[in-house]
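**Q** Structure for the following, please:
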Amino acid sequence: MQPGGQPNMQQIMEQAQQMQQQLMTAQQELADAEATGTAGGGLVTAVVSGTGELKSVNIDPKAADPEDTETLSDLVVAAVRDANRAAQELQAEKMGPVTGALGGQGLGGLGLPGM
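**A** Numbers count the residues shown, from 1 in each chain. Alright, predicted model coming up:
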């Protein structure tokens, strides 16, 4: 800090650049990661990216009863929800340290008043 309790602008800029790099790295890791969800004891499996994009759905032939498509639909929805929950946990794990460093205040966590 400079005299008078004002933060050094150079330090603030360096800190912001470091945080931006950490954020970009975490976002790339999430884009590359996959989370899997299952339903019906593994009869239906869904895979989503770490950012929540649905990548694939695998349905065991045992789950494909033409007389009961409603249950199959429910299993697909449950598997996708499970995969999305896993992706959200992954997001919290990857992004938590970066957003936590901001103090939950956006740029205000950098010591910039009024932001």
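**Q** Give the closest residue to the residue nearest the centre of the chain in space, chain neighbours not counted.
**A** By CA atoms, centre = their mean, the chain has its centre lying nearest to Gln91, at 2.3 Å. Nearest residue to Gln91, sequence neighbours excluded (CB to CB, 6 or more residues apart in numbering): Leu30, at 6.1 Å. Yep, even glycine has a C-beta here, placed from its N, CA and C like the rest.
**Q** measure that neighbour to Met13 for me?
**A** 26 Å (CB to CB, to the nearest Å).
**Q** Settle it for me: which of the two has more neighbours?
**A** Leu30 (19 against 11; other CB atoms under 10 Å).
**Q** And that one, how far from Asp68?
**A** Leu30 sits 36 Å away from Asp68, going by CB to CB.
**Q** Would you verify that the residue nearest to Gln91 is located in a helix?
**A** Yes - the assignment for Leu30 by DSSP: H, G, I helix; E, B strand; the rest coil puts it in a helix.
**Q** Brilliant, that's me finished.
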